[in-house]
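> give me coordinates for this.
(chains A and B)
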Amino acid sequence: MARVLLQREVARRFAGGLLELEVEASSYRALVTALDVRFPGIAQALTVRTAVAIDGEIYADPLLEPIGPHSEVQFLPVIGGG
Amino acid sequence: MGNEENQYKVIGTRPIRPDGVDKVTGRAAFGADFSLPGTIVGRVLRSPHAHARIKSIDAKLALALPGVRAMVTGADFPELPDEITAGGEAPVNFRDVSHNVMARAKALYEGHAVAAVAATTAAIAEQALALIKVEYEVLPHVIDVRDAAADGAPVLHETMFTSGVEPAPKKPSNVAGRTEMGLGNVEEGFAAADVTVEREYTTQAVHQGYIEPHACVASVTTDGQATVWSTSQGQFMVREFCSRLLGMDRAAIRVVPSEIGGGFGGKTTVYLEPLAIALAKKSGKPVKMVMTRDEVFRATGPTSGASMKVKLGAKRDGTLTAGDMTLYYQAGAFAGGPAMLGCMTGFAPYALTNARAVGYDVVSNRPKAAAYRAPGAPMAAFAVESAMDELAQKLGMDPIELRLKNAAKKGTRAIYGVKFPEIGFVETLEAAKKHPHYSAPLGPNQARGVASGFWFNIGGQSSAAVHVNEDGTAEVVTGNPDIGGSRASMAMMAAEVLGIEYSKVKPTVGDTGQIGYSFLTGGSRVTFATGKAVCEAAQATVNELRARAAKLWECPIEDVEWKDGAAHPVGGQTDTRTVLSLAELAESAAKTGGPISGAVGINAAGAGAGFGTQICDVEIDPETGKVTVLRYTVVQDVGRAIHPAYVEGQLQGGAVQGIGWALNEEYVYDGNGRLDNPGFLDYRMPVASDLPMIDTVMIEVPNPGHPFGVRGVGETPIVPPLAAVANAVSRAAKVRLADLPISPPRLLAALDGK
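Alright, predicted model coming up:
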């Protein structure tokens, strides 16, 4: 089971304030699908303004990234630069 | 890094940059240098009011003026949905971008574009602007960020309801959004503290200060195909933004990048290009538009000014127990300031288990804020690093020791949730501590300040192509404007992989028709992400060269290895196979399958975080309030310096811009919300004669996400200087300077108030 950490605002809006949970998924796409089943609407919120760190590595476009059985998946704001 | 330690032949050396001669002899073509036969001139009419309803625009007299060929107003641009789109550098509201490029119902800041004309000469265009009659209803305005966030402030957008608060507000306000992030329990952390410090801080809006103004030429054919020549940080960004703002297909717009005379984040959006295309389409002529310096200041984005509060708690031994910060950042006239990034970065250098950061994105009647080197980070770092200095003084600790005690390391969880991979923050602190600067004696009215800083650095999409020429030289084509010497770095990485001399590789910045999509030059990403693409394209080329040798040797490709720029046989049979150089394989390319190239498109992940520590010595003049920077040292983890001289230049440039932010730069508005200092005489940036040589120390903790270990280096160095300078001045003045810039009147007032 991957350990998933949500941003506070997303957690408040969609997950009843739940900041941390475990999800069975082998890819990022499957993980978001599973989250959306549990918290309807969260998938859309996670596609705009959100990047993801999988085991500490930050991805801006993680759709096809694999998720390990003990992975930590952290949603975070999109990071730009100057 | 000395060559004796260098495992590479090209990486880590300091060759002359390919664009260097043209730039020092004046031959290089910047944005304003380009023209086509028959080009006419575009000019923009800008609002004289900080906040006004546009009741009508009457252009009859202007259009009747001989020589005037076209005019556009907001009515000429499609209305876009008010939504955040996953495009550009960060999520973008293209409706806001469109309304910033050309006002619709309201002018939201002095300098906001309300109309544009194109005429045969600049004089006629200026005359035409004077003939346009705009009827305004002047509205109350607000400039200061805290005033704008207060109840009862004039509201800029009647449709703006603060996001991120529960319950959702029923009244519109200027607070576009609230964001909060945290770790642990802040209240418990402060309860466990032996010592706390708490203070409010302010910084002012500052401009990126690029020497080259925004400029472009647009030409549109009768069948609607547009070509734009412009100065920007991304030709593909310009294409995307123009496509969206004008409702044109990407394929109908070709963008050719010029040389760029500085950007620093300020050229990651569009101002003139959509207007020039619209005017070119209407007039049937190529249209050239070049901003004046006055326009650059009044109408393009500075970074946010900020109003902040920071509280830190620590044990007597210096161990931090809690940190709390609240940030109010100016967004300018449209939502989207970097408050979120301030929240993410301020505490990032420290292993805080109890931390909270709350940020407010606040609009006011100022130009829309744009990115500026590490957007959002220097302000938050100023507050946190000043608080760290005050805490060190309160604890009687050396400020570097306090930072070392709490420094983030591999595995430390940042406030935004991610655990750091390999980072080199501790190494920067250790190097700063043992640097001769840190123990050098100080005289009367002199003091030393230290501060650290963090920036993420990013990756993203990049394309690269390597072509082997018939004579064995090579071309490297990428899609990123060269702002900081990236052409040299691209050529060096390609040369290293190909195994040939740097001088044999010609780097080119392609236009949108010559290379695949590449995200803009920003976020300290090009040497990392585009460099990674170049390495992969060069490796693909090497694989093709091995395949050609295998054909000639009639053996499997696995029997061919590439070293020192040539194909060598492996596994015996050396008697019948002579080594084939790249030049020899290039010469025989026609016989072995045709031209030899490698091209890739990647979405680079694995950007390495950047940490730095800076030391500043100042002397204050108690009579005049003048601050003189005596000595300055930048220490930074750069991963791997591909071209050390250009990395040093980034460290020096970032520090200098931060020193200006700390001591001199600010926007000064009059009572009507009009900018009083829109020029470099009155908006004082540091020049060479103001500062000592900036010393640099490059720490190389390689980033495992890049073939050569590259980390982005362009943004981190502007994060620490605000606090490094303020901490030095505060120690010299024996009073805490919490408001920037520390101009002579402000320092004198602080000294008088002691």
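> alpha carbons only for contacts and neighbour counts from here, please
OK.
> what about stretch B:688-704, distance to the chain center?
On the basis of C-alpha atoms, centre = their mean, to the nearest Å, stretch B:688-704 sits 18 Å off its chain's mean C-alpha point.
> let me see the mean pLDDT of that stretch.
Across stretch B:688-704, the average pLDDT comes to 97.
> contacts for that stretch next, please.
Residues outside stretch B:688-704 that contact it (C-alpha atoms under 8 Å, 6 or more residues apart in numbering or on different chains) are B:422-424, B:427-428, B:431, B:606-608, B:628-641, B:648, B:651-652, B:655, B:708-711.
> among those, which are within reach of chain A?
The subset of those within reach of chain A, by C-alpha under 8 Å from any C-alpha of the partner chain, is B:606-607.
> tell me which of the contacts of stretch B:688-704 fall in strands.
Using DSSP state E, the subset of the contacts of stretch B:688-704 located in strands is B:628-637.
> can you pick the most crowded of the residues you listed?
Using other C-alpha atoms under 10 Å in any protein chain shown as the neighbour criterion, residue B:636 leads those with 32 neighbours.
> wait, isn't it in contact with residue B:647?
No - with contact defined as C-alpha atoms under 8 Å, residue B:636 does not reach residue B:647; the gap is 10.0 Å.
> what's the neighbour count on residue B:308?
Around residue B:308 there are 23 residues (other C-alpha under 10 Å).
> what's the helix or strand for it?
Residue B:308 is part of strand B:306-314, with elements assigned from DSSP states H and E.
> quick one: the helix or strand just after that strand to strand B:306-314, angle?
Going down the chain from strand B:306-314, the next helix or strand is strand B:320-332, by DSSP H and E. On the basis of axes from the mean of the first three to the mean of the last three C-alpha atoms, to 10 degrees, strand B:320-332 is oriented at 180 degrees to strand B:306-314.
> can you tell me the strand partners of strand B:320-332 and which way each runs?
Here strand B:320-332 has these sheet partners by DSSP bridges: strand B:306-314 (antiparallel), strand B:355-363 (parallel).
> possible to save these as CSV with mean pLDDT?
Listed next are the strands paired with strand B:320-332 as CSV, based on pLDDT from 0 to 100:
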stretch, mean pLDDT
strand B:306-314, 98
strand B:355-363, 98
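> OK, contacts around the closest residue to chain A within the stretch 251-400 of chain B?
When distances are taken as C-alpha to the nearest C-alpha, the stretch 251-400 of chain B reaches nearest to chain A at residue B:265, 3.5 Å away. Listed by C-alpha under 8 Å, 6+ apart, the contact set of residue B:265 reads A:81-82, B:208, B:233, B:370-373, B:522.
> let's see it at 7 Å
By C-alpha atoms under 7 Å, 6 or more residues apart in numbering or on different chains, the contact set of residue B:265 is A:82, B:370-373, B:522.
> where's the closest residue in space to residue B:533 that isn't next to it in sequence, which helix or strand?
Spatially, and ignoring its direct neighbours in sequence, residue B:533 is nearest to residue B:464 (5.5 Å; C-alpha to C-alpha, 6 or more residues apart in numbering or on different chains). Secondary structure from DSSP H and E places residue B:464 in strand B:460-468.
> how far away is the residue most central in space within chain B from residue A:62?
By C-alpha atoms, centre = their mean, chain B has its centre lying nearest to residue B:265, at 3.2 Å. As judged by C-alpha to C-alpha, to the nearest Å, residue B:265 and residue A:62 stand 25 Å apart.
> what parts of chain A come near chain B?
A:8-9, A:48-49, A:53, A:56-59, A:74, A:76, A:78-82 (C-alpha under 7 Å from any C-alpha of the partner chain).
> look at residue 29 and tell me its secondary structure.
Looking at chain A here, since you left the chain open. helix (DSSP: H, G, I helix; E, B strand; the rest coil).
> OK, contacts around it?
A:63-64.
> distance check, it against residue A:62.
Counting by C-alpha to C-alpha, the separation of residue A:29 from residue A:62 is 8 Å.
> please apply the same query to residue B:677.
45 Å.
> and the residue in the stretch 501-650 of chain B positioned nearest to chain A, how many neighbours does it have?
Taking C-alpha to the nearest C-alpha as the measure, the stretch 501-650 of chain B has residue B:523 as its residue closest to chain A, at 3.5 Å. Neighbourhood size, residue B:523 [other C-alpha under 10 Å]: 28.
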